[in-house]
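Peer 1: structure for the following, please:
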Amino acid sequence: MTARKPTALKKLAGNPGKRPLPAREPHPQGGAPTCPDWMPPDGRRQWEAVVPELDRLGVLTSVDIAIVEAFCSLYAEFVAGMRAGKPIKTNVVASMRVHAQELGLTPAARSKVSVPPAAHDDPNEEFFRPILVR
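Peer 2: Numbering: from 1, shown residues only. Down below sits the predicted model:
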C-alpha cells in the first residue's frame, strides 16, 4: 500500500488524478518551524537548505516538524557514517528516502509537482519569452 500524497502536493501538481480533493481536510498553520537545538551540525545545514524552500512552496505546516526533524537527523547520521568510513545501515538510507519522498524532496517526487507562479510574476512573461533555437 502506498502512502497518500498530501493535498498540497496534489494541488501543486495540478491534481493529475482529477479526483475530488478532500473538502474537509484540516489545514494546519503554515510556516517554517525552528530547527531544534539538539540537531547535529550536518542535520542543521540540511534543515537550513530544505525548510525555507518547503516553506516558500507552501507545503510546510506547523505539524510537519517531526518528519522534517527525522529527515534531517537521518541525513546527519548518513553523513557521519560516510565521514567515518563506516558502512551505512540500509535502514538509515531507506528511512531517509521515505522521509524525503513524503516532503517532496526527491527528483521523482518533484517531477509530480508543478509550482504555480508567484503573485509578483508577470503573467505575460511566458508569452513574450524569446524562443530558443537549438
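
Peer 1: following the lengthiest helix in the chain, which helix or strand shows up next?
Peer 2: If you go by DSSP state H, the chain has its longest helix at helix 65-84. Using DSSP states H and E, the helix or strand that follows helix 65-84 in sequence is helix 90-102.

Peer 1: tell me where the protein has helices.
Peer 2: Going by DSSP H, the chain shows helices at 7-12, 41-57, 65-84, 90-102, 107-111, 125-128.

Peer 1: using JSON lines, please lay out the ones you listed together with mean neighbour count and distance to residue 21.
Peer 2: The way it works is simple: take the backbone N, C-alpha and C, and place the C-beta from them, glycine included. Formatted as JSON lines, those follow (neighbours: other Cβ atoms under 10 Å; distance: least, Cβ to Cβ, whole Å):
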{"stretch": "helix 7-12", "mean neighbour count": "17", "distance to residue 21": "6"}
{"stretch": "helix 41-57", "mean neighbour count": "16", "distance to residue 21": "17"}
{"stretch": "helix 65-84", "mean neighbour count": "17", "distance to residue 21": "21"}
{"stretch": "helix 90-102", "mean neighbour count": "15", "distance to residue 21": "18"}
{"stretch": "helix 107-111", "mean neighbour count": "11", "distance to residue 21": "18"}
{"stretch": "helix 125-128", "mean neighbour count": "8", "distance to residue 21": "26"}
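
Peer 1: mean pLDDT for those: which is lowest?
Peer 2: Mean pLDDT is lowest for helix 125-128 among those, at a mean of 52.

Peer 1: and of the helices of the chain, who's closest to residue 33?
Peer 2: helix 65-84 (4.2 Å; Cβ to Cβ).
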